[in-house]
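In: Quick one, structure for this:
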Amino acid sequence: MKIYIRNMACESCKVVVKEALDELKIPALKIDLGEIETKKDITLADKKRLNSKIKKAGLELLEKRQGILIEKIRKEIINYIYESEEKPIKKFSVLLSEKLNHSYRYLSNFFSEVEATTIEQYIIALKIERIKELILLEEDGISEIADKLHYSSVAHLSNQFKKVTGLSPSHFKRLKNKRRLTIQEL
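Out: Model prediction:
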């Protein structure tokens, strides 16, 4: 049985869900971002208990089709930003359409309608938070970060970063204690 979860966006979320499933003695076949697959169907009572446990971490079970598609879109965006090492050959819009079997226009309109932001704005917000994270980790320079996040140039990254945060990446690096937003806060 597949169960979809809202706001499940990182490895620590997977740990929270695994612990909740283990505690409730619900065997899982697979735990992935935004979804879990159980070996057998689970009861409504177990779903409620699971939902109650994961809500403490800002997660929530999804029941409606709308929420499930939104989480699938988010999952693909997060994977694109956090997991893809090599610059993709295809545009993100094409990748998303192929992955979710809907036209990009449909996905984009649906996302905007439900989330009150566009997919492009969400990608930018997520990229900016990833840039902040990478700057604070101090493992890569701005040029490496630009490559990692598929920016066409360091100037493009810097301009976008400044437009969103009001700071240049180098100024942000000097501040260091500027608070980052969690994915759930975007």
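In: Need the nearest residue in space to the residue nearest the centre of the chain, chain neighbours excluded.
Out: Closest to where the C-alpha atoms of the chain average out (CA atoms, centre = their mean) is I78, at 3.5 Å. Nearest residue to I78 in three dimensions, chain neighbours excluded: A9, at 5.4 Å (CB to CB, 6 or more residues apart in numbering). Where you see a C-beta, it was placed from the backbone N, CA and C, and this is true even at glycine.
In: And for L149?
Out: Looking at L149 with CB to CB, 6+ apart, the closest residue is K127, at 5.5 Å.
In: Can you name every helix or strand that the helix or strand where the one you found lies contacts?
Out: In the assignment (DSSP states H and E), K127 maps to helix 119-137. Contact partners of helix 119-137 among helices and strands, from 3 or more CB pairs under 8 Å, 6 or more residues apart in numbering; DSSP states H and E: helix 65-82, helix 104-115, helix 142-148, helix 154-165, helix 169-175.
In: And it, how far out from the chain middle?
Out: Its chain's average C-alpha position is 11 Å from that of helix 119-137, according to CA atoms, centre = their mean, to the nearest Å.
In: Any idea how many residues pack against the residue nearest to Y122 when sequence neighbours are not counted?
Out: Sequence neighbours aside, I77 is the residue nearest to Y122 in space, at 6.3 Å (criterion: CB to CB, 6+ apart). Residues contacting I77 under the criterion other CB atoms under 10 Å number 20.
In: residue contacts, I77?
Out: Residues near I77 by CB atoms under 8 Å, 6 or more residues apart in numbering: L96, I119, Y122, I123, L126.
In: Separate out the buried members of the residues you listed.
Out: L96, I119, Y122, I123, L126 (16 or more other CB atoms under 10 Å).
In: wait, what's in contact with the third one?
Out: Residues in contact with Y122 (CB under 8 Å, 6+ apart) are R74, I77, F111, E115, L186.
In: Test my guess that S103 contacts S97.
Out: Yes. Between S103 and S97 there is a contact at 5.9 Å, judged by CB atoms under 8 Å.
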